[in-house]
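# quick one, fold the following:
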Amino acid sequence: MKTHITVALSMLTGIAVGGFAVQGLNAQGKKAYTVTENQVLDQKLVAEFAGRVAQAQAAAGGRNLNTGGGKVVAMEGTPPARVAITEWQSLEKAEAFFKSKAWTDLAPERDKAIKTIRRYAVEER
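Model (predicted):
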């Protein structure tokens, strides 16, 4: 009888621990996307600058979705002139990147190439 109770308690403990582990993994697995609306100031500089931004984002856990310079079509409202979307491993990684030295170091080039109209991040549910 004692063996049955020990096995039952072990199983319940395993289920509880497994449940908490899955919950934790789900919380960690939420991707985030940054959306940046830009106005081009110098097209030549944008072409040179975009590659450096993509490299810095990749090093920080981001994946550029190659939308910068793509056609933007309004479904409702007025569309921005240019939109860049980046996928991130997590919202925390996106926030960290935009506060990082790598991003700050790109500021002089960025300010000559583009004007940021709006930037925001969206996390998966």
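
# buried ones in the helix or strand where Lys44 lies?
Element membership of Lys44 [criterion: DSSP states H and E] is helix 43-59. Buried positions in helix 43-59, judged by neighbour count with 16 or more other CB atoms under 10 Å: Leu45, Val46, Phe49, Ala50, Val53, Ala54, Ala56, Gln57. (Glycine included, C-beta is placed from N, CA and C.)

# check which helices and strands that helix is in contact with.
strand 62-64, helix 101-105, helix 107-113 (3 or more CB pairs under 8 Å, 6 or more residues apart in numbering; DSSP states H and E).

# ok, now which ones touch Leu65?
Ile85, Thr86, Glu87 (CB atoms under 8 Å, 6 or more residues apart in numbering).

# quick check: buried residues in the helix or strand harbouring Thr116?
Per DSSP H and E: Thr116 is located in strand 114-123. By neighbour count on 16+ other CB under 10 Å, the buried set for strand 114-123 is Ile114.

# pull the residues that contact it.
Contacts for strand 114-123 (CB under 8 Å, 6+ apart): 30-41, 46, 49, 80, 82, 88, 91, 94-95, 98, 110.

# that strand vs helix 43-59, what angle?
Between strand 114-123 and helix 43-59, the angle comes out at 30 degrees (axes from the mean of the first three to the mean of the last three CA atoms, to 10 degrees).

# so which of the helices and strands packed on helix 43-59 gets nearest Glu124?
Proximity to Glu124 (CB to CB) singles out strand 62-64 among the helices and strands packed on helix 43-59, at 14.0 Å.

# shaky segments in this protein?
1-28 (pLDDT under 70).

# show me how it divides into domains.
As given by automatic domain parsing, the domain ranges for the chain are 1-29, 31-123.

# pick the most buried one from the ones you listed.
domain 31-123 (a mean of 15; mean count of other CB atoms under 10 Å).

# if we can go back for a sec, check the offset of the helix holding Lys44 from the chain's centre.
Taking CA atoms, centre = their mean, to the nearest Å, the mean C-alpha location of helix 43-59 is offset from the chain mean by 16 Å.

# same question, stretch 118-125
Mean C-alpha position of stretch 118-125 versus that of the full chain (CA atoms, centre = their mean) differs by 8 Å.
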